[in-house]
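Colleague: Next input, structure requested:
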Amino acid sequence: MTVVTEILNGLPNINKPQQKFLAVLFSTMFVCHSAINFLSLSRHSALSERTFRRGFRRPFEFARLNLQCAGRAACTAPTAVALDASFIKKSGKHTFGLDKFWNGSSGRAEKGLEVSLVALIDSKHNRAFALSAEQTPDADSKTDAQETRMDFYLQHFERTVPLLPASVRYALVDGAYAKEKFVAGVCRKGLAVVSRLRADANLRFLFQGEQRTGRGRPRKFDGKVNLCDRSRFEPVEADEPEVSLYTARVWSVSLKREIRVLVLVNQEKAAKQRTVVLFSTDLQLDPKHLLRLYRSRFQIEFLFRDAKQSAGLESVQARDKQALSFHWNASFACVNLARIIAQEENRAARGEAFSIKSIKQRIFNEHLLELFISKLDLEPTVIKNHQNYERLRNYAVIST
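Modeller: Residues are numbered from 1 along each chain as shown. So this is what the prediction gives:
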C-alpha cells in the first residue's frame, strides 16, 4: 500500500504511532471482505481489537488527508462542493445520536443515525471526493431548543468552507436544502447555491416596465409564475431531443431573493409531461452550465453507495461520538484512496469505470499471495515473475 504510506507521510502534525495505525487501518479495510468493525479488523491484521477501539477514539483531521487525495488525483481546481446526508442503520439503546431520521430507501423516518457529508465535485471528470463527514445530532443533544437540523447542516458547511480550494464557487444541494436559512448562509460565505425547487414553488416575475411617478412604493413584481405557461420564459437549446429547457430571472418568495430558474420539461411521454425546476443564486450563470452542475451533484450519492457497500459505513461497532465520527470519515477516506489507486494503475486512462470492489478484490488477492509466500517459505521473485501471477492477482476482479 505505497499510495497510503506516501499520502500519510505528506500530512503535517501527525505523529508516528498514529501514522502507523492509519496505514494498518486502511490496508486492512481494503483486505476485509466482511463487515468492517473492530472484530473483523483485528482478524485481518496483527493489531488487537482493543488497539482499534483505542485508535478510533483519537482525533484525526481527515479533511487534510482527503484534500491530499484530491490533489494527488489531479482534482486541484474543483468548481463546486456538494452537501448531502444519509441514513445509517444502527441498533442498540446507548449509541450517541440515535433519533428518528429520514430513510430515503424506505421513504419514511426511522430510528437510527444520520451522517452529513461535504464533498468536492470535479465536474470536469465527473467525480467526487469526500471532504468532511459529521454526525447529525439528535434532539436531546441540541444546546439550543430553537435550533433545527437545517442549522446543523449550515454549521457543518461553514466549518468546512475554510478548507475549500479557492476555485470552488458553487454549493450543490438537493431540494431538501432549498430553505431561506441555508441558502442565505451559503451566500454569506461567498458561494452560489445550485439546487432544486418544488414544482409548485411560489415564484413571481420581476417588473421590467416603466415605474409610475408620484407617491407610493415602486412596483417590484409583475405577476405570479405559472410553470404551465412558459411564454414569458426564454427557451434554451437542449442537448436531448425529448427535453425542453426554459430559463428566467424571477423572485422566490420562500428564499426571499432573486434567482435564476431553469425549467426542464420531459416530453418523452406526451400524455404525462414531467417538470423539474432547478435554480441558482448566481444570476449570470449559463443555464446549460447550471444543468451540468446540478447533474454532477449526484456524484456524492456514489460516495455514499461505495462507502456503504465496500468501506463499512453501516457496519460501525462503536457507540460514542468520537469513535463514530472516526469510523465514518475513515470509510469515506477509504473510497478516496481506492479512486487514487485505480487512477495510478492507469485504469482511468483506458476509459474504464471506477469500481472499488475491483480494487479491494485485487488488493485482497495480493495480500493472500504474500501470505502464502511468507508462510510457505517460497521464493518471492520466482512467484512474482511467474506467467500466471498476474492472473492470480486479478482473480475474481470485475474489470481487468
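Colleague: In contact with E366: list those residues for me.
Modeller: For E366, the contact set (C-beta atoms under 8 Å, 6 or more residues apart in numbering) comprises R393. Using the backbone N, CA and C atoms, a C-beta is placed for each residue, glycine as well.
Colleague: Which strands and helices lie in contact with the longest strand along the chain?
Modeller: Of all segments of type strand in the chain, defined using DSSP state E, the longest is strand 108-122. Contacts defined by 3 or more C-beta pairs under 8 Å, 6 or more residues apart in numbering; DSSP states H and E place strand 108-122 against strand 80-88, strand 99-103, strand 127-135, helix 149-160, helix 299-310, helix 321-344.
Colleague: Could you spell out the sheet neighbours of the third one, each with its direction?
Modeller: To tie it back to what came earlier, the one meant is strand 127-135. Its sheet considered, strand 127-135 pairs with strand 108-122 (antiparallel) by DSSP bridges.
Colleague: can you pull the buried residues of the partner strand?
Modeller: Residues of strand 108-122 classed as buried under the neighbour-count rule (16 or more other C-beta atoms under 10 Å) are 112-122.
Colleague: Can you convert the residues you listed into CSV and add a column each for pLDDT?
Modeller: Output for the buried residues of strand 108-122, formatted as CSV (pLDDT from 0 to 100):
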residue, pLDDT
G112, 93
L113, 95
E114, 96
V115, 96
S116, 97
L117, 97
V118, 97
A119, 96
L120, 95
I121, 93
D122, 87
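Colleague: which one of these sits closest to L154?
Modeller: S116 (10.4 Å; C-beta to C-beta).
Colleague: Look up which residues are beta-bridged to the closest one.
Modeller: Going by DSSP bridges, S116 forms beta bridges with A85, E134.
Colleague: can you pull the contacts of G55?
Modeller: G55 neighbours (C-beta under 8 Å, 6+ apart): 18, 21, 25, 326.
Colleague: My error: substitute G10 in the last question.
Modeller: With C-beta under 8 Å, 6+ apart, G10 has these contacts: Q68.
Colleague: still on that earlier bit, of all the helices and strands packed on strand 108-122, which lies closest to V168?
Modeller: Closest to V168 of the helices and strands packed on strand 108-122 is strand 80-88 (C-beta to C-beta; 5.2 Å).
Colleague: per-residue confidence averaged over that closest one?
Modeller: Strand 80-88 comes out with an average pLDDT of 96.
Colleague: Same check on stretch 215-232?
Modeller: On average, the pLDDT along stretch 215-232 is 85.
Colleague: burial of the closest residue to R149 other than its chain neighbours, as a residue count?
Modeller: In space, and not counting its chain neighbours, R149 is closest to T136: 6.2 Å by C-beta to C-beta, 6 or more residues apart in numbering. By other C-beta atoms under 10 Å, 20 other residues sit near T136.
Colleague: residues touching T136, list them.
Modeller: 85, 97, 101, 113-116, 149, 152-153.
Colleague: what's the closest of those residues to V382?
Modeller: Distances from V382 to these, taken by C-beta to C-beta, are shortest for V115, at 47.0 Å.
Colleague: unless I'm mixing things up, that closest one is touching I88, no?
Modeller: Yes: V115 is in contact with I88 according to C-beta atoms under 8 Å; the separation is 5.8 Å.
Colleague: circling back: show me how far the longest strand of the chain is from its chain's centre.
Modeller: Between the centre of strand 108-122 and the centre of its host chain there is 9 Å, according to C-alpha atoms, centre = their mean, to the nearest Å.
Colleague: now it and strand 99-103, what's the angle there?
Modeller: In terms of direction (axes from the mean of the first three to the mean of the last three C-alpha atoms, to 10 degrees), strand 108-122 departs from strand 99-103 by 60 degrees.
Colleague: how far off helix 299-310 does strand 108-122 point, in degrees?
Modeller: Interaxial angle, strand 108-122 versus helix 299-310 (the same axes, to 10 degrees): 110 degrees.
Colleague: Convert strand 108-122 to PDB, retaining C-alpha atoms only.
Modeller: Provided in PDB are the C-alpha atoms of strand 108-122 (Å, rounded to 0.1, in the frame of the first residue of the first chain):
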ATOM      1  CA  ARG A 108     -40.100   7.200   5.800                       C
ATOM      2  CA  ALA A 109     -38.500   8.300   9.000                       C
ATOM      3  CA  GLU A 110     -36.800   5.500  11.000                       C
ATOM      4  CA  LYS A 111     -34.800   5.200  14.200                       C
ATOM      5  CA  GLY A 112     -31.100   5.200  13.500                       C
ATOM      6  CA  LEU A 113     -28.200   7.600  12.800                       C
ATOM      7  CA  GLU A 114     -27.500  10.200  10.100                       C
ATOM      8  CA  VAL A 115     -24.200  11.300   8.600                       C
ATOM      9  CA  SER A 116     -23.800  14.600   6.800                       C
ATOM     10  CA  LEU A 117     -21.100  14.700   4.100                       C
ATOM     11  CA  VAL A 118     -19.400  17.600   2.300                       C
ATOM     12  CA  ALA A 119     -17.600  16.500  -0.900                       C
ATOM     13  CA  LEU A 120     -15.600  18.200  -3.600                       C
ATOM     14  CA  ILE A 121     -17.100  17.900  -7.000                       C
ATOM     15  CA  ASP A 122     -14.800  17.600 -10.000                       C
END
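Colleague: got the domain boundaries for this protein?
Modeller: 2-173+298-350, 198-282, 356-393 (automatic domain parsing).
Colleague: Can you measure across the shortest one, start residue to end residue?
Modeller: Read it as domain 356-393. Distance between the two ends of domain 356-393: 16 Å, counting by C-alpha to C-alpha, to the nearest Å.
Colleague: Pull out the buried residues from it.
Modeller: Applying 16+ other C-beta under 10 Å to domain 356-393 flags 356-367, 369, 383, 393 as buried.
Colleague: just the residues you listed now: which is nearest L67?
Modeller: L67 has its nearest neighbour among those in I356, at 20.0 Å by C-beta to C-beta.
Colleague: if I look at that closest one, how far off is F26?
Modeller: 13 Å (C-beta to C-beta, to the nearest Å).
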